[in-house]
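S.K.: Kindly return the folded structure for what I paste below:
(2 chains)
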Amino acid sequence: MAIRVYESRRRDVVELEPRDEGRISMYACGPTVYNLIHVGNARTIVWYDQVRRYLEYRGYDVTYVMNYTDVDDKIIERAKIEGIPPEGVTSKYTQAFEDDMSALGTKPASLIVRATDHIGDMVVAIQGLIDKGLAYKAEGDVWYEVENFDGYGKLSGRSLDDMRSGDRIEPSPGKKHPVDFALWKSAKEGEPSWPSPWGPGRPGWHIECSVMSTRYLGMGFDIHGGGRDLIFPHHENELAQAEGLNGGEFVRYWVHAGLVQMESEKMSKSLGNVVLARDVIEQYGGETCRYWMLASSLRSQAVFSDDTLDDADRSLERWRTFLEAAGHALAEEAPAASSSYRRPLSDPGPEGTGAEFISRFLSSMDDDFNSAKAFAAIHDLVREGNRLIEGAQRGDEGERKSLAGLLEVFLELTSVLNFRLESKPEDSKLVGGLVEYLLELRESARSERAFERADEIRERLTELGVAIEDTPAGPRWRVSGTGQ
RNA sequence: GGCGGCGUGGCCGAGUGGUUUAGGCAAGGGCCUGCAAAGCCCUGUACAGCGGUUCGAUUCCGCUCGCCGCCUCCA
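M.R.: The predicted structure is shown next:
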């Protein structure tokens, strides 16, 4: 069974057949580092991280390149506002991006590339396009001539005629066709610039991705993506540049993520309805945020609201509770998480306790990363596991064995999604000691049947965010809630 | 105006031409508990509307209504 993905250009779900057997090359448009990212930006990157993790889990050797766009009008603007040089802006927001993404459990791409480190390559590419008759100079600018590229519009499914008739494109002086886009912009006073055969200036928005992706991954690499809103013009233009310059196919599979919706409107910087990733992480924690992002599948739009985030938080809490309870029930026989699980496509498939859950998880994720269905398999596993806990605690050998098997599968599946399910940081030694002491007091009250006193202790702790559960093996506690 | 997508029970969100339920959250009932909590069991009879195809459609086709995305910087 192969992995299937929805491919934007073909507008269909197709089998993923990598250019090189056993290897996947993927490229993602990373941030333009001029601002803190919002949860929509973050969700797309988290999903790409998940795609990468899943492909590795399925046995592929993945090379994942991400770019940071660190030359752009917005950066220049921002530098003026903050009164610092553009490099100050980019380094500040690059760090902020990496901090946010790390809080969301993504691991850095195999290779991170910066536009400013590849200006020379871009100049060479632009000259190449001019030489091929696909670009032309107009004053200090260089424009891509879309009418000379056969197939312009094939990714986004639109024709030049459609676009010409649209009244939203403003013709610029010097452009031959209103859709022609800038490859090189001449420098204005006080802007960062680089030398070029056409005079000092800086590259246009799209050229860096064409140049850097093909430099490191070659033409015809496997997966390229970003949010749906990048399909046009960004990816269309990347395609026109790369294929126009090099010939052949640029990208085998275009994979685009659905956008985050805010009250039935997309979240977007231009609409001004953004919620910063940082703020959501602070309120709900990175793991809840990641759960929310992944619980809706890659292509569907995710609804941002307190309700959907609260749902995610409670669902995750259910998993944590299971992990903890199963661990207690099995004591030292409890399996530990491995650092790297692998289920290559070539595997005959799992056997033994919990195998059905692995199978369901795999077939769901193989099917265009249907995470919603994959999560359901984990939830079903948890229910079955919870049923076994009482018996396992009693010492029933059969149930212990089954529970241990299920727990092992649970650890595997949640680790593929990079959920650590760790207890809250408040769970420190001092706090632990104090809570244990209060529980001892409560237990002695209970043994004297002084329930009023016992309940008072429990209520006070609950108010403080410490949940108490009495189990046959004694009371248990944990820090609950969303950390507010 | 052009192109694309969607409309599932209180909310989020999978899926399918027909019999057995996606799953989560919330709600109600029960078990367990000193009482709780956690957990388990049960319950809700949902697929925008109108036609059509079909023995049978939530699932296919058409139309209508509503919503969303792209067409301009945007993940």
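S.K.: Just give the number of residues close to A:S305.
M.R.: When counting by other C-beta atoms under 10 Å, one arrives at 13 neighbours for A:S305. Every residue, glycine included, has its C-beta placed from N, CA and C.
S.K.: wait, A:T94
M.R.: When neighbours are counted by other C-beta under 10 Å, A:T94 comes out with 17.
S.K.: Remind me which helix or strand it belongs to.
M.R.: helix A:86-103 (DSSP states H and E).
S.K.: hmm, who's touching that helix?
M.R.: Residues outside helix A:86-103 that contact it (C-beta atoms under 8 Å, 6 or more residues apart in numbering): A:30-31, A:33-37, A:42, A:45-46, A:49, A:68, A:70-71, A:75-76, A:78-79, A:82, A:84, A:108, A:192, A:277-278, A:281, A:286, A:289.
S.K.: Narrow those to those that are buried.
M.R.: When these are checked for burial by 16 or more other C-beta atoms under 10 Å, the buried set is A:30-31, A:33-37, A:42, A:45-46, A:49, A:68, A:70-71, A:75-76, A:78-79, A:192, A:277-278, A:281, A:286, A:289.
S.K.: Just the residues you listed: which are in strands?
M.R.: A:30-31, A:68 (DSSP state E).
S.K.: if we look at RNA strand B, which of those are close to it?
M.R.: A:P31 (C-beta under 7 Å from any atom of the strand).
S.K.: Tell me the one among the ones in strands among the buried ones among the contacts of helix A:86-103 nearest to RNA strand B.
M.R.: Nearest to RNA strand B among these is A:P31, at 5.8 Å by C-beta to the nearest atom of the strand.
S.K.: For the residue lying closest to that closest one once chain neighbours are set aside, give its distance to A:G151.
M.R.: Residue nearest to A:P31 in three dimensions, not counting chain neighbours: A:F97, with 5.2 Å by C-beta to C-beta, 6 or more residues apart in numbering. According to C-beta to C-beta, to the nearest Å, A:F97 stands 34 Å off from A:G151.
S.K.: what about these two, which has more around it?
M.R.: Using other C-beta under 10 Å as the criterion, A:F97 and A:G151 rank with A:F97 on top: 22 against 10.
S.K.: now the residue nearest to A:P31: how far from RNA strand B?
M.R.: According to C-beta to the nearest atom of the strand, to the nearest Å, A:F97 stands 10 Å off from RNA strand B.
S.K.: shaky segments in chain A?
M.R.: Chain A contains residues with pLDDT under 70 at A:1, A:164-173, A:263-264, A:423-427, A:481-484.
S.K.: What residue spans form the domains of it?
M.R.: Following automatic domain parsing, one gets these domains for chain A: A:4-295, A:305-416, A:429-479.
S.K.: ok, the shortest one near RNA strand B or not?
M.R.: Yes - using C-beta under 7 Å from any atom of the strand, a contact is recorded between domain A:429-479 and RNA strand B, made by A:446, A:451, A:454-455, A:458, A:467-471.
S.K.: Tell me which helix or strand comes right after the helix holding A:T94.
M.R.: strand A:111-114.
S.K.: contacts for the helix or strand just after that following strand?
M.R.: Per DSSP H and E, strand A:111-114 leads on to helix A:119-131 as the next helix or strand towards the C-terminus. Residues outside helix A:119-131 that contact it (C-beta under 8 Å, 6+ apart): A:71, A:115, A:135-137, A:142, A:144, A:183-184, A:194, A:196-197, A:202-203, A:207-208, A:210-212, A:215, A:241, A:244-245.
S.K.: ok, 10 Å please
M.R.: Outside helix A:119-131, the residues that touch it by C-beta atoms under 10 Å, 6 or more residues apart in numbering are A:71, A:115, A:118, A:134-137, A:142-145, A:148-149, A:183-184, A:193-198, A:201-204, A:207-208, A:210-212, A:214-215, A:240-242, A:244-246.
S.K.: How about stretch A:349-363?
M.R.: Residues from elsewhere that reach stretch A:349-363, judged by C-beta under 10 Å, 6+ apart: A:1, A:3, A:54, A:57-58, A:341, A:343, A:345, A:347, A:370-371, A:373-382, A:384-385, A:401-410, A:412-413, A:416-417.
S.K.: How about it and RNA strand B, touching?
M.R.: No - counting by C-beta under 7 Å from any atom of the strand, RNA strand B has no neighbours in stretch A:349-363; the shortest distance is 9.3 Å.
S.K.: Give me the buried stretch members for that stretch, please.
M.R.: Using 16+ other C-beta under 10 Å as the test for burial, stretch A:349-363 gives A:350, A:353-354, A:357-358, A:360-362.
S.K.: What is the end-to-end distance of that stretch?
M.R.: This stretch, stretch A:349-363, spans 11 Å end to end (C-alpha to C-alpha, to the nearest Å).
S.K.: roughly how far is it from the heart of the chain?
M.R.: Offset of stretch A:349-363 from its chain centre (C-alpha atoms, centre = their mean, to the nearest Å): 25 Å.
S.K.: In the stretch 101-250 of chain A, which residue sits closest to RNA strand B?
M.R.: Residue nearest to RNA strand B within the stretch 101-250 of chain A (C-beta to the nearest atom of the strand): A:G227, separated by 2.1 Å.
S.K.: Ignore what I typed, I meant the stretch 1-150 of chain A.
M.R.: Residue nearest to RNA strand B within the stretch 1-150 of chain A: A:G40 (2.4 Å; C-beta to the nearest atom of the strand).
S.K.: Run a quick neighbour tally on that residue.
M.R.: 27.
S.K.: coming back round to it: among the buried residues of stretch A:349-363, which are located in helices?
M.R.: A:357-358, A:360-362 (DSSP state H).
S.K.: Around RNA strand B, pick out the residues from the stretch 101-250 of chain A.
M.R.: Checking the stretch 101-250 of chain A against RNA strand B by C-beta under 7 Å from any atom of the strand, the hits are A:156-158, A:162-163, A:165-166, A:168-169, A:179, A:181, A:205, A:226-234.
S.K.: Just give me the neighbour total for A:R23.
M.R.: Using other C-beta under 10 Å, A:R23 has 13 other residues around it.
S.K.: residues in contact with the residue nearest to it when sequence neighbours are not counted?
M.R.: Excluding the flanking residues, the one nearest A:R23 by C-beta to C-beta, 6+ apart is A:D61, at 4.7 Å. Shown in contact with A:D61 (C-beta under 10 Å, 6+ apart): A:18, A:20, A:22-25, A:55.
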